[in-house]
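Colleague: Just a sequence and a predicted model for now, questions to come.
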Amino acid sequence: MKSTSAYRLYGASHSLYTGKARCYLRNQGLPYVELSTWHPDFAERILPQIGRGIIPVLETPDGQVIQDTVDIIDHLEAQGVPWPAYPQTPLQRVVAVIIEYYGGQAMLKHAMHYRWSYRAEQEAFLRCAFTLGSGAQLAEQIMGRMNSYLPRLGVNADSIPQIESSFLQLLDRLEQHFAEWPYLLGTQPSIADYGLIGPMFAHLGRDPVPLAIMQRRAPRVHRWVERMTAPGLDVVEYAESEPAFVANDDLPSTLIPVLQHIAEEIFPELTDKLAFLDAWVAELQPADGTPVTEKPQVRQVGMIQTRFRGATIEVGVEPYLLYILQRATDTLLGLQEPERARVQGRLAELGLADAIRLGRQWRVGRRQNIEVWEGVAATQ
């Protein structure tokens, strides 16, 4: 980076997606200052540019405003960073994006359940966090709104036992992996680590109830959370610490059980959501550049009934999920046979092939910090 000025990160200490962006800035050693949403600049200068109340937002030293962790990280990657987050080999790159999707989307159940279903046990901590992040006047209002999201995320009486069992299983499998490797794909963090750290830090590795579970059951996972929130690459306890991804587009053997866990978690929900979006677009045929929802602050276009580990749930469908997964689709589309067949075959072995489906002509893009439909006319 040529500029010596600091970036400005608008966010909150307890925000899942702010944590993702913050970890990236810290790991890369980029100078930044973090500001709360009640800083006057957020209302006066930032909100008019992003069109909705949402965090995190990065303001670059030259005044560019970027919202969303995908765009923030991609912008910084393009500037050149010490440890690029995207593997250059196709299997690792696709798998990293799938893990990023899992952390930032599928694990909202875990994050929000442990935060709000156990509110009474951690009320003082949460109230302090939300007051510091939003000011006392708005804290209660925001907490109540966040609590109300649980049903739309699939958190109900039937799914809660499955969510808690899932969290424990994930901790156990990650614990085995981090006994061998400091990061998910080797000895430097990838977009997979940044995707997973969102829920694993802001909610599950910080709120008192899930934090205590993590510290007791999976101390190496808790150490990874510390590592991801430290400046630079904090890998002193590993003998092999030269920053790199695993060679030859391979996957660490200890990561395979984690990926199998992810496959068990995201389907059939992801399949059902994609089918809903395909049908929605086919019926309504939105014009190119049309915002994906009528109001920018609304993220979902409908509700579906599906299942999570056997439990019946009803969840909202966000077109944003395609904005994440499209980068993996683009990777596959850029490959020649038989390389594409190799990667797809490996994904099938892991149970993840259906996460990346080729053949969809339309996309979810972003214009002026708002998600929009793109390429729908080409499908007519």
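Modeller: Thanks, I have the structure now.
Colleague: Let me see the contact set for the residue lying closest to Asp249 once chain neighbours are set aside.
Modeller: Counting by C-beta to C-beta, 6 or more residues apart in numbering, Asp249 lies nearest to Thr89, which is 3.6 Å off, once chain neighbours are set aside. C-betas here are computed from N, CA, C, even on glycine. With contact set as C-beta atoms under 8 Å, 6 or more residues apart in numbering, Thr89 has these partners: 245, 248-249.
Colleague: Output stretch 275-294 in PDB, but only the C-alpha positions, please.
Modeller: Output for stretch 275-294, consisting of C-alpha atoms alone and laid out as PDB, is shown next (Å, rounded to 0.1, in the frame of the first residue of the first chain):
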ATOM      1  CA  ALA A 275     -34.500 -23.700  -6.400                       C
ATOM      2  CA  PHE A 276     -36.600 -20.900  -4.900                       C
ATOM      3  CA  LEU A 277     -34.400 -18.200  -6.400                       C
ATOM      4  CA  ASP A 278     -34.400 -19.900  -9.900                       C
ATOM      5  CA  ALA A 279     -38.200 -20.100  -9.800                       C
ATOM      6  CA  TRP A 280     -38.500 -16.500  -8.500                       C
ATOM      7  CA  VAL A 281     -36.300 -15.100 -11.300                       C
ATOM      8  CA  ALA A 282     -38.000 -17.200 -14.000                       C
ATOM      9  CA  GLU A 283     -41.400 -15.900 -12.900                       C
ATOM     10  CA  LEU A 284     -40.700 -12.300 -12.300                       C
ATOM     11  CA  GLN A 285     -37.900 -11.700 -14.900                       C
ATOM     12  CA  PRO A 286     -36.500  -8.600 -13.100                       C
ATOM     13  CA  ALA A 287     -34.800  -6.100 -15.400                       C
ATOM     14  CA  ASP A 288     -31.000  -6.000 -15.400                       C
ATOM     15  CA  GLY A 289     -29.700  -3.800 -12.600                       C
ATOM     16  CA  THR A 290     -32.900  -4.000 -10.600                       C
ATOM     17  CA  PRO A 291     -32.300  -4.200  -6.800                       C
ATOM     18  CA  VAL A 292     -32.900  -7.700  -5.600                       C
ATOM     19  CA  THR A 293     -35.500  -6.500  -3.100                       C
ATOM     20  CA  GLU A 294     -37.900  -3.600  -3.100                       C
END
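Colleague: Residue numbering should commence at 54 henceforth.
Modeller: Shifting the count to begin at 54 puts that one at stretch 328-347.
Colleague: Give me the residues contacting that stretch.
Modeller: Residues from elsewhere that reach stretch 328-347 (C-beta under 8 Å, 6+ apart): 352-355, 357, 370, 372-373, 375, 413, 415, 417, 420, 423-430, 432-433.
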